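Enquirer: please find the sequence and the predicted model below.
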Amino acid sequence: MIKYAKKHSISICAVMALAVIVSVIAMLTFLTPNVTAFAAALGAETPEIYCVYSKDNEEVDGNRLTAGTYDVSFCVKGVESISTLQFTATYDLSVTIDSSSLSLMSDNHVDVTSMGPVVDNAGGNLVLGFVSDNADYSSINPEGQVLATMSVTFATDCDAADVLVPSTNPHHTFVQVDYADSHADEYALVTNEEAADYNGVLYPMICDITPSKGHSVSGSLVIMKNTKGATDNKVPYGSYTIKVYDTPDMESAEPIKTITSVYTAKTADTGASNLFTIDTLSMGTYYVSISSDCALPRKDIVINMGEEDINDVTIPVISCDFYTDGDINVYDVGKLYENLGKGNLIYDLNGDGDINVYDVGIVYSCMGGKPYNGFEIK
């Protein structure tokens with residue numbers, strides 16, 4: 001652990017200037033009573049160091065990285081100030097950090113200085129350290145303060161936590177919030193019982209290299225053979241748009257996710273393959289709509305998201321609104337008859353590779369009645 005101390009020598013002129021500054025600060029404090037005047041007491045907060053992963057300016061889940069290069073931001077939250085902060089980790093040979101890409105909190109935070117950083121690709125070592133330039137501490141954003149951002153290449157598909165491992169040594173990874181709290185007492189990833197030889201009081205903090213962004217729902221859309229929901233698990237052709245909402249009011253709300261699935265190939269044994277994925281849903285209830293040029297829209301799907309991924313979902317859709325009037329009727333039969341024996345497989349409703357009378361039969365079976373009865377995913 002790097003310890004940091006300050007000494008001050010103030011001249012008479014400086015004292016006079018300081019008196020003026022103190023008076024101004026006192027006036028501003030009186031005018032703005034909501035300003036935080038003191039750092040929280042050591043042990044009253046729970047700092048958390050975590051990473052945010054993004055690619056092409058879109059945030060991704062660090063638990064499920066595919067091989068490639070990402071912008072990785074190391075952040076801290078849950079604490080209002082720091083006097084000294086250090087983060088140390090090791091990484092394996094499948095990880096390469098571009099040291100020239102580093103941007104640090106100290107680049108923009110006027111009262112914070114960087115101690116380092118250290119990026120050692122040969123040895124697989126990363127060290128980030130910061131100290132406050134003030135006599136007591138520097139305030140940071142308790143909702144999430146970016147410590148450093150860097151370009152990181154992962155050679156293989158991985159959970160980033162498996163290849164980037166923080167040090168739990170309280171000399172190497174720690175947060176101190178105020179110089180007045182002494183240099184020994186700090187937030188750390190271990191307890192005093194686990195670090196029996198540590199000379200100071202350790203308070204709990206958290207480090208999660210790959211915080212969960214939620215879980216996913218994956219599966220396939222399949223063709224309904226009739227209004228009762230019967231299906232042979234045949235995947236429809238064409239482009240389907242899946243929209244996810246966090247409110248049942250789909251008419252006025254904006255979707256939180258929009259996924260487009262394009263079905264272009266089909267075989268006789270096509271079943272519930274993972275042809276769509278709704279990613280990174282936290283626990284809660286979501287509402288889903290599905291639309292396509294040639295299908296009756298579904299707006300009756302509810303996802304009850306728990307703590308696990310949901311896989312192999314098959315969602316039936318009535319995909320024979322060829323006349324695109326929002327109803328299944330003789331006009332759709334007419335459109336299908338026009339395409340008998342032709343190669344546009346959007347009309348192939350039974351998945352046999354041909355447009356024939358069997359497909360006509362499915363259109364007739366989908367006429368009348370209530371097309372959808374509700375669909376719950378849990």
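Expert: Now that the structure is in, tell me what you want to look at. Residues are numbered from 1 along each chain as shown.

Enquirer: count of neighbours near residue 289?
Expert: Neighbourhood size, residue 289 [other CB atoms under 10 Å]: 17. Every residue, glycine included, has its C-beta placed from N, CA and C.

Enquirer: which ones are touching it?
Expert: Listed by CB atoms under 8 Å, 6 or more residues apart in numbering, the contact set of residue 289 reads 242, 243, 245, 250, 255, 297, 298, 299, 301.

Enquirer: helix, strand, or coil at residue 183?
Expert: Put simply, residue 183 is coil when judged by DSSP: H, G, I helix; E, B strand; the rest coil.

Enquirer: can you give me the helices in the stretch 201-350 of the chain?
Expert: Remark: helices assigned in the stretch 201-350 of the chain by DSSP state H, counting those that start in this stretch are 330-338.

Enquirer: where does this protein have its least confident helix or strand?
Expert: When each helix and strand of the chain is scored by mean pLDDT, DSSP states H and E, helix 12-31 comes last, with a mean of 31.

Enquirer: ok so, going back, out of the contacts of residue 289, which end up buried?
Expert: With burial judged by 16 or more other CB atoms under 10 Å, the buried subset of the contacts of residue 289 is 242, 243, 245, 255, 297, 298, 301.

Enquirer: need the pLDDT of the first one.
Expert: Read it as residue 242. Residue 242 is assigned 97 on the pLDDT scale.

Enquirer: so it sits right up against residue 262, yeah?
Expert: No. Contact between residue 242 and residue 262 fails when scored by CB atoms under 8 Å: they sit 11.8 Å apart.

Enquirer: which stretches in the stretch 1-150 of the chain count as strands?
Expert: Here the stretch 1-150 of the chain has its strands, by DSSP state E, counting those that start in this stretch, at 48-55, 58-60, 68-77, 81-82, 84-91, 95-104, 112-114, 118-120, 125-132, 138-139, 145-154.

Enquirer: quick one: strands adjacent to the second one?
Expert: Yep, that's strand 58-60 we're talking about. As defined by DSSP bridges, the strand partners of strand 58-60 come to strand 48-55 (antiparallel).

Enquirer: pLDDT on the strand it pairs with, on average?
Expert: Per-residue pLDDT over strand 48-55 has a mean of 97.

Enquirer: what comes up buried for it?
Expert: Quick answer for strand 48-55 (16+ other CB under 10 Å): 48, 49, 50, 51, 52, 53.

Enquirer: and the gap between the fifth one and residue 190?
Expert: Read it as residue 52. Residue 52 sits at a distance of 25 Å from residue 190 (criterion: CB to CB, to the nearest Å).

Enquirer: how about the second one?
Expert: As for residue 49, its distance to residue 190 is 14 Å (criterion: CB to CB).

Enquirer: related to what we said a few turns ago, okay if I get the strands of the stretch 1-150 of the chain as a markdown table plus distance to residue 161?
Expert: As requested, those are arranged in a markdown table below (distance: least, CB to CB, whole Å):
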| stretch | distance to residue 161 |
| --- | --- |
| strand 48-55 | 9 |
| strand 58-60 | 14 |
| strand 68-77 | 12 |
| strand 81-82 | 24 |
| strand 84-91 | 10 |
| strand 95-104 | 12 |
| strand 112-114 | 25 |
| strand 118-120 | 19 |
| strand 125-132 | 14 |
| strand 138-139 | 29 |
| strand 145-154 | 12 |
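
Enquirer: what's the closest of these to residue 365?
Expert: Among the strands of the stretch 1-150 of the chain, the nearest to residue 365 by CB to CB is strand 58-60 (42.0 Å).

Enquirer: just the residues contacting the closest one, thanks.
Expert: The contact list for strand 58-60 (CB under 8 Å, 6+ apart) reads 52, 53, 54, 70, 213.

Enquirer: so where's the protein shaky on pLDDT?
Expert: 1-38, 265-274 (pLDDT under 70).

Enquirer: any idea which residue sits dead centre in it?
Expert: residue 213 (4.0 Å; CA atoms, centre = their mean).

Enquirer: ok, it touching residue 63?
Expert: Yes. Assessed by CB under 8 Å, residue 213 is found in contact with residue 63 at 7.5 Å.

Enquirer: among the contacts of residue 289, which are in strands?
Expert: Among those, the ones falling in strands (DSSP state E) are 242, 243, 245, 297, 298, 299, 301.

Enquirer: looking at these, spot the one nearest residue 328.
Expert: Relative to residue 328, the closest of these is residue 297; by CB to CB it sits at 12.6 Å.

Enquirer: give me the nearest residue to that closest one, chain neighbours excluded.
Expert: Leaving aside its chain neighbours, residue 297 sits nearest to residue 291 (4.5 Å; criterion: CB to CB, 6 or more residues apart in numbering).

Enquirer: same deal with residue 201?
Expert: Leaving aside its sequence neighbours, residue 201 sits nearest to residue 185 (CB to CB, 6+ apart; 4.4 Å).

Enquirer: just checking, that neighbour touches residue 42?
Expert: Yes. Counting by CB under 8 Å, residue 185 touches residue 42, with 5.9 Å between them.

Enquirer: show me whatever sits in contact with both of these two.
Expert: Common neighbours of residue 185 and residue 42 (CB under 8 Å, 6+ apart) are 176, 203.

Enquirer: just checking, residue 187 touches residue 176?
Expert: Yes. Counting by CB under 8 Å, residue 176 is a contact partner of residue 187 at 7.5 Å.

Enquirer: shared neighbours, those two?
Expert: Contacts common to residue 187 and residue 176, judged by CB under 8 Å, 6+ apart, are residue 42.

Enquirer: can you pull out the strands in the stretch 251-378 of the chain?
Expert: Per DSSP E, counting those that start in this stretch, the stretch 251-378 of the chain carries strands over the ranges 257-263, 276-281, 284-292, 295-305, 310-317, 375-377.

Enquirer: got the ones you listed as CSV, with distance to residue 82 columns?
Expert: Formatted as CSV, the strands of the stretch 251-378 of the chain follow (distance: least, CB to CB, whole Å):
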stretch, distance to residue 82
strand 257-263, 35
strand 276-281, 30
strand 284-292, 33
strand 295-305, 35
strand 310-317, 40
strand 375-377, 43
